[in-house]
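>>> Only the shape, not the letters, is given here:
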């Protein structure tokens, strides 16, 4: 199954430029099997998700992108925002308590500068610093393929994931309709809802797919 794990809609995300119905319809038209709604520091209720799933006859899963002091994290398993989630350790504790998962979103941000990285030594130093960032220690996976990242940012995320030996997800991070269908996560088993998604993420039975160029991180050269 192909599921976009990272999307934003308006008005739950104030920087979004598409309504949730347009978001779901466009994702469905791209041939994906499901979509996760991960608005900024905002949550969808179970009733809202059920209504959207029925209305579109499409798999819709609730999540959230939390802005922490040291980076953004896509979270599955929480159902409300409480003060303190901006602190990584507090967030981690809440997610562990509720049996959820954490994915480091667009990990190149704050850690990778494209122009200085043209110098191999500078890029290597950036990668070393990122690998020593304790932020990734609270995460279950890294968003290796972000649909809004360029090739240099993506390469940095892939190298970081490899160095940390962490599994990679993919998501469009779409804020506009034309950004959908760019990246997704491929799951080995059927996903029917949030509980399945969390179980498969914890089990590591997934890999990132870049839908822009057909790059599938689960395929290895023979």
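Now that the structure is in, tell me what you want to look at. What you see is a predicted model, and the numbers here were worked out from it, not measured in a lab.
>>> Check which residues of stretch 33-44 are buried.
For stretch 33-44, a neighbour-count test (16 or more other CB atoms under 10 Å) marks 33-40, 42-44 as buried. Every C-beta, even on glycine, is put in place using the N, C-alpha and C of the backbone.
>>> give the contact list for the closest residue to residue 7 other than its chain neighbours.
Spatial nearest neighbour of residue 7, excluding adjacent residues (CB to CB, 6 or more residues apart in numbering): residue 174 at 5.1 Å. Counting by CB atoms under 8 Å, 6 or more residues apart in numbering, residue 174 makes contact with 4, 6-8, 18, 23, 147-148, 180, 182.
>>> Residue 184 looks like it's in a strand, true?
Yes. Assessed by DSSP: H, G, I helix; E, B strand; the rest coil, residue 184 belongs to a strand.
>>> Let me know how buried residue 104 is, in neighbour terms.
28 (other CB atoms under 10 Å).
>>> With residue 125 instead?
Look at residue 125: counted by other CB under 10 Å, it has 13 neighbours.
>>> SS state for it?
Strictly by three-state DSSP, residue 125 counts as helix.
>>> re the thing from before, mind listing which of the buried residues of stretch 33-44 are in strands?
34-37 (DSSP state E).
>>> would you turn those into JSON lines with distance to residue 112?
Listed next are these as JSON lines, based on distance: CB to CB, whole Å:
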{"residue": "34", "distance to residue 112": "30"}
{"residue": "35", "distance to residue 112": "27"}
{"residue": "36", "distance to residue 112": "25"}
{"residue": "37", "distance to residue 112": "27"}
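>>> Where is the longest helix in the chain?
Identified as the longest helix of the chain according to DSSP state H is helix 151-164.
>>> So for it, mean pLDDT?
Averaged over helix 151-164, pLDDT sits at 97.
>>> Remind me what it packs against, helices and strands.
In this structure, helix 151-164 packs against helix 120-131, strand 141-146, strand 168-171, with contacts taken as 3 or more CB pairs under 8 Å, 6 or more residues apart in numbering; DSSP states H and E.
>>> which one of the ones you listed lies closest to residue 96?
Closest of those to residue 96 is strand 141-146, at 15.0 Å (criterion: CB to CB).
>>> that older thread, check the contacts of residue 174 against residue 139 and report the nearest one.
Of all the contacts of residue 174, residue 139 sits closest to residue 6, with 13.8 Å by CB to CB.
>>> Leaving out sequence neighbours, find the closest residue to the closest one.
Using CB to CB, 6+ apart and skipping residues adjacent in sequence, the residue nearest residue 6 is residue 171, 2.7 Å away.
>>> again, but for residue 131
Once flanking residues are discounted, residue 131 sits nearest to residue 163: 5.0 Å by CB to CB, 6+ apart.
>>> Burial check on the one you found, number of neighbours?
Neighbours around residue 163, by other CB under 10 Å: 13.
>>> thought it was touching residue 127?
Yes. Counting by CB atoms under 8 Å, residue 163 touches residue 127, with 6.7 Å between them.
>>> Now residue 106: closest residue in space, sequence neighbours ignored.
Spatial nearest neighbour of residue 106, chain neighbours left out: residue 146 (4.7 Å); criterion: CB to CB, 6+ apart.
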